[in-house]
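[1] curious how this folds, go ahead:
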Amino acid sequence: MTNVQFIRKKNRFHGFIMKGHAGAGNGGEYDMVCAAISGIAYTTLGALDELCEIHTFSEADGAMQMKLPEKLVKANADKAQIILKTMEIGFMQIQRQYPKYISITFKEV
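    Alright, predicted model coming up:
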């Protein structure tokens, strides 16, 4: 299962932590759920990089995390909120369709 935790501060996105593989593929089969989750995650990182100049992420096998920088130009901070909300919406749609393979939680810091 993929576990996604969105981190918020004062009801605004502050980052996310994502761990695990969906495990929807059977014995070497293509894992469509994991591919969908990865596609959304990498598109989010690409948008944050290209549109907001945010490069604060790390990844390792089966894990990815991103934390917004403390100081951002307001326009970039606002765009980052939209991008992260879009990520949340995409993951929620996957969770509705495949609830056994993705868990989404929220943490207020």
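[2] residue 40 in helix, strand or coil?
    Taking DSSP: H, G, I helix; E, B strand; the rest coil as the rule, one finds residue 40 in the helix state.
[3] when you give positions from now on, start the count at 37
    With the count now opening at 37, the last piece we talked about shows up as residue 76.
[4] in contact with it, which residues?
    The neighbours of residue 76, taking C-beta atoms under 8 Å, 6 or more residues apart in numbering as the test, are 123, 126-127, 130. (Each C-beta comes from the backbone N, C-alpha and C, glycine too.)
[5] pLDDT wise, what is it at?
    In this model, residue 76 is scored at 98, pLDDT.
[6] please pull out the lowest mean pLDDT helix or strand from the protein.
    Across the helices and strands of the chain, mean confidence by mean pLDDT, DSSP states H and E is lowest for strand 93-96: a mean of 94.
[7] C-terminal to it, what's the next element?
    Once strand 93-96 ends, the next helix or strand along the chain (criterion: DSSP states H and E) is strand 99-103.
[8] return the list of strands paired to that next one, each annotated with direction.
    Strand 99-103 has these partner strands in its sheet, going by DSSP bridges: strand 48-55 (antiparallel), strand 93-96 (antiparallel).
[9] roughly how far does residue 43 sit from residue 66?
    As defined by C-beta to C-beta, to the nearest Å, residue 43 lies at a distance of 31 Å from residue 66.
[10] repeat that for residue 121.
    Applying C-beta to C-beta, the value for residue 121 to residue 66 is 29 Å.
[11] re the thing from before, neighbour count for the contacts of residue 76 - can I get that in a markdown table?
    Compiled in a markdown table, those are given as follows (neighbours: other C-beta atoms under 10 Å):
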| residue | neighbour count |
| --- | --- |
| 123 | 23 |
| 126 | 17 |
| 127 | 23 |
| 130 | 20 |
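[12] which of those residues lies closest to residue 39?
    Distance to residue 39 across the contacts of residue 76 (C-beta to C-beta) is lowest for residue 127, with 10.8 Å.
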